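Student: Pasting a predicted model and its sequence here:
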Protein chains: 2
Amino acid sequence: MRIEADYRIETAYALQDAAAAMAGEQSSGTFLPVPGETEELKARAAARVERTLDLGEVARALPGAGGKGVTRAARVTLSWPLGNMGASLPNLLATVAGNLFELKYFSGLRLLDLRLPVEFARRYGGPAFGVEGTRRLAGVQGRPMIGTIIKPSVGLSPDETAAMVDMLCAAGIDFIKDDELQADGPACPFEERARAVMAVVNRHADRTGKKVMYAFNLTGEVDEMERRHDLVESLGGTCVMVSLNSAGLTGFTALKRVARLPIHAHRNGWGALSRHPSLGFDYVAWSKLWRVAGADHLHVNGIRNKFCESDESSIASARSVLTPLWDAVPCVAMPVFSSGQSAAQAHDTWAALGSVDLIHAAGGGIMAHPDGPAGGVRSMQAAWEAAVAGIPLAVAAKEDRALAAALGLFA
Amino acid sequence: MRIEADYRIETAYALQDAAAAMAGEQSSGTFLPVPGETEELKARAAARVERTLDLGEVARALPGAGGKGVTRAARVTLSWPLGNMGASLPNLLATVAGNLFELKYFSGLRLLDLRLPVEFARRYGGPAFGVEGTRRLAGVQGRPMIGTIIKPSVGLSPDETAAMVDMLCAAGIDFIKDDELQADGPACPFEERARAVMAVVNRHADRTGKKVMYAFNLTGEVDEMERRHDLVESLGGTCVMVSLNSAGLTGFTALKRVARLPIHAHRNGWGALSRHPSLGFDYVAWSKLWRVAGADHLHVNGIRNKFCESDESSIASARSVLTPLWDAVPCVAMPVFSSGQSAAQAHDTWAALGSVDLIHAAGGGIMAHPDGPAGGVRSMQAAWEAAVAGIPLAVAAKEDRALAAALGLFA
């Protein structure tokens, strides 16, 4: 029962030596030979270099590396016995992504992917709601959930937030989230906001029979997150949101253990972990930690987003979180497409992903629609209906005024 | 009452526009103007660009950025009203280091420093032990604490670990830590290890009157960390260790609230956040979050370390964690020097830092000493005595056999 991790490395050392140094440093070896590292100990605790694949010559990406001459990139797979750390996500992280980014052997080191023994799934359980549970609570089947984010991100009072929610519920939205900047600041306390918003959401649900899912950003200390979760549940809310990098793995797990609502997982700060292609994490690897831990919704950016991420990367992320990790415990999360989204991206998203199991969140794409938010929501639904039916965007726009107006503004 | 953050940015846009985009994106603005962003709302919630300093032309460091033509680096200071997020470390992190690393304006963005309102200190309290409390528990005054790490990092059984601790206690060590790879794996369960190690530590303390401080790596889920902390305390232990990036801020804080022992904070994984100079975090900024949260010991690498970090960077980190944040609540942590350390670095460390308030941890520098661990410990103490007394290393080595032997091997 071993853990496997794939890396992309850059090194000026012999590839086998560099890979062996990674394996040694992250298991029983160290810079100098030590007396206790017997063959027997190595047999039970040493990491192994499973595979290496030379990817050819590259320029040095990161400063500080040693070695002379040509630097080469390679794909390296290491494995560890589960006995070293057990099925513990925080200790897994220290093993596969601990003190190795700084090793002098490497002018680049990035964790690409992880394969874990099912013990992790058995212990943590993965998402409690995922796609199916989210759809059930939101009352949306057979199409993407159309969502939006409260804007301005921060600065609205609880009543102003509720007024915006009122407008969005009237517009037929499926999903609304707090911005990650809005949690429990004194200018908009969580409890007041939750009470004001849920009064509006519940009123619309009584009217329509469908309850808009509102992801309340309860990011805070563990006891605060637990208390806020319980408040949201008591008010009839159906989702909570956590900033993953703020909470960290163990705070997230503490919340997850007592949570009875889907957890919308926000990845803000992800850029620091990923933006240099020779350093940090691929989302495929990083998101697996959170899927095992139980994130129900995971942000993946979107097609033609306003950030630096490529379309290919966003789609790879979404495909990944929709791909089961284990048959018994799939750990499938609902991908959240956002950033500069509107009806204009539905066709391309469908073509690339081939699934409607996603939350498609648009800010300006809904709020700035010429016919108002209802037009924005309608335009996105119309675009997805057309995309799935194989009707080209331009053709569909001729039949739908809201879609035509959206494309006039956003395409 | 505002929060200030300093960044180094790289942008091909007009510097003022790029800085305004950062401020907008991380407070009340967004990509498109939205109706609710009134002047009054901006006045209460908008981040401000406090200062910009053009640092001149640079090559583009990170892919994906927009803009054409010359890219310039700059130092930018932003500020936010405390009312946006309150004195909450996780929400502070989402504000100062959230979705901005990915903005298309930037081909580089790094958080350099933070200045926080004292409300953060009042809420979190900072280190409960710091330098003074650690010295008191370890019985070491007026000189650095000499420390080491159990090696092999992982693979030893509880009894084998205890046997090594026995040797190190006999050698006169002040401080021992688990490796970050060793927490509670099935091959070396935490409880068994703690019991076996503390039996040895207590036996030596009875003999010498001075209890060696052992930092038990209790990294795990929040309830596990709390339980392990209580076990260590009940066994007479005087320190626990946490991998910061594994626990995350909120899990760390949950432990800190109930902790009655110093917390040795391990930064493994730090390389992913810092190694590219145009991305991520300077340690000065990042370590402030953990100092406020209550880390008693913070790793800073060391002079001529085996990783990629420069001596200047290590010393700047150590100086920073020793510099009070507020008069009333200094949040001073004890810097931990490690990685390729031995008696050979004492003089240079003293010359650069001008303080003996540190843990100087050596693995091979102690274990591989020709006279054994006792010689290693003695050599480091002798080197520091000489350094502080102004006696050159070569002169001191003539007077001290252990020091001479160490320099023969390590210098």
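Tutor: Sure thing, it's come through. Numbering: from 1, shown residues only, chains lettered A, B, ... in the order given.
Student: where exactly do the strands run in the stretch 1-150 of chain A?
Tutor: Listed in chain order, the strands of the stretch 1-150 of chain A (DSSP state E, counting those that start in this stretch) span A:2-11, A:48-58, A:71-81, A:106-115, A:145-149.
Student: As a markdown table, those with distance to B:Ala406 would be great.
Tutor: C-betas here are computed from N, CA, C, even on glycine. Below are the strands of the stretch 1-150 of chain A laid out as a markdown table (distance: least, CB to CB, whole Å):
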| stretch | distance to B:Ala406 |
| --- | --- |
| strand A:2-11 | 31 |
| strand A:48-58 | 33 |
| strand A:71-81 | 34 |
| strand A:106-115 | 29 |
| strand A:145-149 | 60 |
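Student: of all those, which lies closest to A:Ala346?
Tutor: Closest approach to A:Ala346 among these (CB to CB): strand A:145-149, 9.9 Å.
Student: so A:Gly302 makes contact with A:Gln341?
Tutor: Yes - between A:Gly302 and A:Gln341 there is a contact under CB atoms under 8 Å: 4.9 Å.
Student: Show me the common contact partners of these two, please.
Tutor: Here A:Gly302 and A:Gln341 share the contacting residues A:His360, scored by CB atoms under 8 Å, 6 or more residues apart in numbering or on different chains.
Student: From chain B, how far out is A:Ala21?
Tutor: Counting by CB to the nearest CB, to the nearest Å, the gap from A:Ala21 to chain B is 10 Å.
Student: Repeat that for A:Gly209.
Tutor: Distance from A:Gly209 to chain B, by CB to the nearest CB: 29 Å.
Student: Enumerate every residue touching that residue.
Tutor: Per CB under 8 Å, 6+ apart, neighbours of A:Gly209: A:Gly139.
Student: What values do phi and psi take at it?
Tutor: Per-residue torsions, A:Gly209: phi 80, psi 0 (degrees, to the nearest 10).
Student: Centroid-nearest residue for chain A?
Tutor: In chain A, the residue lying closest to the centroid (CA atoms, centre = their mean) is A:Leu298, at 3.2 Å.
Student: Dihedrals phi and psi, A:Asp178?
Tutor: The phi/psi pair for A:Asp178 (degrees, to the nearest 10) reads phi -60, psi 150.
Student: where's A:Val201, which helix or strand?
Tutor: A:Val201 is part of helix A:190-208 when elements are defined by DSSP states H and E.
Student: Can you name the next helix or strand after that helix?
Tutor: The element immediately downstream of helix A:190-208 (helix or strand, assigned by DSSP H and E) is strand A:213-217.
Student: what lines up beside that next one in the sheet?
Tutor: strand A:175-177 (parallel), strand A:239-243 (parallel) (DSSP bridges).
Student: Would you mind giving those as a markdown table with distance to A:Gly376 added?
Tutor: What follows is the strands paired with strand A:213-217, written out as a markdown table (distance: least, CB to CB, whole Å):
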| stretch | distance to A:Gly376 |
| --- | --- |
| strand A:175-177 | 13 |
| strand A:239-243 | 21 |
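Student: give me the element whatever residue of chain A ends up closest to chain B is part of.
Tutor: Nearest to chain B in chain A, going by CB to the nearest CB, is A:Gly248, at a distance of 0.6 Å. Element membership for A:Gly248, per DSSP H and E: helix A:244-258.
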